[in-house]
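J.: quick check, what structure comes out for this input:
(one chain, ligands or ions: 3)
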Amino acid sequence: MNTVVVGAQWGDEGKGKLIDILSEKCDVTVRYQGGNNAGHTVVVEDKEYVFHLLPSAILHKGKSCVIGNGVVVDPKALLAEIDELAAKGLKVSPKKLKISDRCHIVMPYHRVLDGLREQKRKNKIGTTGRGIGPCYADKVTRCGIRMVDLLNPRVFRAKLADNLREKNETFRKVFGQKNYKLEKIYKEYLAYGKKLKPYVEDTVLYINKEIDKKKKVLFEGAQGTFLDIDFGTYPFVTSSNSIVGGVCSGSGVAPTKIDKSIACVKAYTTRVGEGPFPTEFTSKQNDFIRKKGNEYGATTGRPRRCGWFDAVLVKYSVIVNGIGELAIMKLDVLDGLDKIKICTGYKYKGKIYRDFPTDYEKLVKSKPVYETLPGWDKPTTKARKFTQLPVNARNYIKRLEELLGVRVKYISVGTKRSEIIMR
Ligand code: GDP
Ligand code: IMO
Ligand code: MG
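T.: Ligands and ions are numbered 1, 2, ... in the order given. Got it, this is the predicted structure:
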């Protein structure tokens, strides 16, 4: 059984927690897109870990983790993450972690360009500044540097020289910046290659062999469906396919080998960075939920924008990802609210639409149509069975199931591993 977990909103749905739990029953966990723009939180007892490039299953003994070819790797950030875990007593061995030789490398000029482009833009995206967009752009324009290139000094040098010839000109003439020196980057990145070499292999062969051996593979999506480059609120998106479809191109596993797709959603909605957000709260409500849900970005620390659950948006995710099961996270954050709203349609120029619009103006000008449900007083964090939840919390979940046409299998009621209901 091979399963994919994707975010169905704008990221930060709680994928890290869910992956940590599900990976206990799987053999291999694979990241297939994104880079260290991701921040996936796992809480074990009173310790909190935030993973950016390492799959969220890395804490489990005897399980292997893969960084698939679709991921863009900042080698400095990855080595820092590995070192940080080692300092906490968790050694990440090459047996445990495999990195695809086809991963594209985030170079220093990508990070700088990410920032410079944002500065120049009038309509800012609010990127994480990790160089993700420029790195994927180089992949597509066919001048990217791959993990395998870092292991071959001659190829690496030639590719880097070619890149700098073009990029230095852009940096100088467009942005008024200084030239990058080839020798400095060459030496630094060759050294990263040397350090990472033991982990690097053709992970396509590795994952598919494990599947042939009937091992269970879990695919860990980063970001969310509405940050997907094709299906998100473009251009306020990331630069990869974060949807289930991204698994195939990002790991080299065929669609016929994927058995189940799980959508991870928050019991409400959040977004970090710029872009349309129809159900966004007014500032007072925003402050309340942000404080209660500790809604600050796990990567950049930026405050997250918060709003009501948007069933129009998640319904689109269910379609695009072929979702079979839902995981509703952070239900406990809604405890104590008098009333809870669900967006079931968008009103635009007097008409109500039930499908998520592509047109930017329509999205921005639409007014959400809400259904209001009664809230609940009793804390939910101690519930371990569905029947232990307050009746109004159960009704909220059941209504989401009806609206989305998918069964809710997991309900998370706190940050810890144990704080989850499995139906
Ligand atoms: P990811 O990017 O999807 O892995 O999510 P993040 O780690 O960026 O953000 C989710 C945040 O919510 C983290 O701080 C988690 O510890 C926290 N979290 C996850 N599930 C729950 C839950 O059920 N209740 C509460 N209160 N917090 C949760
Ligand atoms: P996880 O995996 C939430 C957002 C950024 C910005 C846009 C583009 O933790 O859910 P980028 O740096 O990717 O070019 O930024 O995407 N973004 C995320 N928002 N969670 C994430 O990852 C995100 N990764 C990128 O805030 O709006
Ligand atoms: Mg996150």
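J.: other residues contacting the helix of greatest length in the chain?
T.: Longest helix of the chain, by residue count under DSSP state H: helix 153-173. By C-beta atoms under 8 Å, 6 or more residues apart in numbering, the surrounding residues in contact with helix 153-173 are 107, 109, 112-113, 138, 143, 145, 149-150, 177-180, 182, 185-186, 189-190, 193. In this view, the C-beta of every residue, glycine as well, is placed from N, C-alpha and C.
J.: try 6 Å
T.: 109, 143, 145, 149, 150, 177, 179, 180, 182, 186 (C-beta atoms under 6 Å, 6 or more residues apart in numbering).
J.: distance check, the first one against ligand 3.
T.: Relative to ligand 3, residue 109 is positioned 26 Å away (C-beta to the ion, to the nearest Å).
J.: if we can go back for a sec, the contacts of helix 153-173, buried ones only, as a ChimeraX selection?
T.: Typed into ChimeraX, the line below selects the buried ones among those, using 16 or more other C-beta atoms under 10 Å:
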select :109,145,149,150,177,180,186
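J.: re earlier: the longest helix of the chain: what's the following helix or strand?
T.: Going down the chain from helix 153-173, the next helix or strand is helix 182-196, by DSSP states H and E.
J.: what are the contacting residues of the helix or strand just after that following helix?
T.: Tracing the chain C-terminally past helix 182-196 and defining elements by DSSP H and E, one meets strand 200-201 next. Strand 200-201 is contacted from outside by 98, 99, 101, 147, using C-beta under 6 Å, 6+ apart.
J.: ok, now with 10 Å
T.: Contacting residues not belonging to strand 200-201 are listed as 66-67, 94, 98-103, 147-148, 150-151, 193 [C-beta atoms under 10 Å, 6 or more residues apart in numbering].
J.: what is the nearest of the contacts of helix 153-173 to ligand 3?
T.: residue 109 (25.6 Å; C-beta to the ion).
J.: what distance do you get for that closest one to ligand 2?
T.: For residue 109, the distance to ligand 2 (C-beta to the nearest ligand atom, to the nearest Å) stands at 15 Å.
J.: the helix or strand harbouring that residue packs against which elements?
T.: Taking DSSP H and E as the definition, residue 109 sits inside helix 108-120. On a contact count with 3 or more C-beta pairs under 10 Å, 6 or more residues apart in numbering; DSSP states H and E, helix 108-120 meets helix 75-87, helix 132-141, helix 153-173, helix 182-196.
J.: which of the ones you listed sits most buried?
T.: Burial of those is given as mean neighbour count (mean count of other C-beta atoms under 10 Å); helix 132-141 ranks first at a mean of 20.
J.: which neighbouring elements make contact with the helix or strand just after that one?
T.: As assigned by DSSP H and E, the chain's next helix or strand after helix 132-141 is helix 147-150. Here helix 147-150 is seen to pack against strand 97-100, strand 104-105, helix 153-173, helix 182-196, strand 200-201 when contacts are counted using 3+ C-beta pairs under 10 Å, 6+ apart.
J.: residues making contact with helix 147-150?
T.: 67, 69, 71, 73, 75, 99-105, 155-160, 189-197, 199-202.
J.: before we move on, back to that, can you give me the buried ones in the helix holding residue 109?
T.: 109, 110, 111, 112, 113, 114, 116, 117.
J.: now the fifth one, nearest residue through space, not along the chain?
T.: To tie it back to what came earlier, the one meant is residue 113. Using C-beta to C-beta, 6 or more residues apart in numbering and skipping the chain neighbours, the partner closest in space to residue 113 is residue 134 (4.4 Å).
J.: now do the contacts for the one you found.
T.: So residue 134 contacts 72, 106-107, 109-117, 127, 144, 167, 239 (C-beta under 10 Å, 6+ apart).
J.: which ones, among those, also lie beside ligand 1?
T.: The subset of these within reach of ligand 1, by C-beta under 6 Å from any ligand atom, is empty.
J.: just give me the closest of the residues you listed to ligand 1.
T.: residue 127 (15.7 Å; C-beta to the nearest ligand atom).
J.: residues in contact with that closest one?
T.: So residue 127 contacts 37, 114-115, 117-118, 121, 133-134, 236, 238-239, 273-274, 300 (C-beta under 10 Å, 6+ apart).
J.: tabulate the residues you listed (a markdown table), appending distance to residue 246 and pLDDT.
T.: Shown next, in a markdown table, are the contacts of residue 127 (distance: C-beta to C-beta, whole Å; pLDDT from 0 to 100):
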| residue | distance to residue 246 | pLDDT |
| --- | --- | --- |
| 37 | 14 | 98 |
| 114 | 21 | 98 |
| 115 | 26 | 97 |
| 117 | 23 | 96 |
| 118 | 24 | 96 |
| 121 | 25 | 94 |
| 133 | 16 | 98 |
| 134 | 19 | 98 |
| 236 | 18 | 98 |
| 238 | 11 | 98 |
| 239 | 12 | 98 |
| 273 | 20 | 93 |
| 274 | 23 | 96 |
| 300 | 23 | 92 |
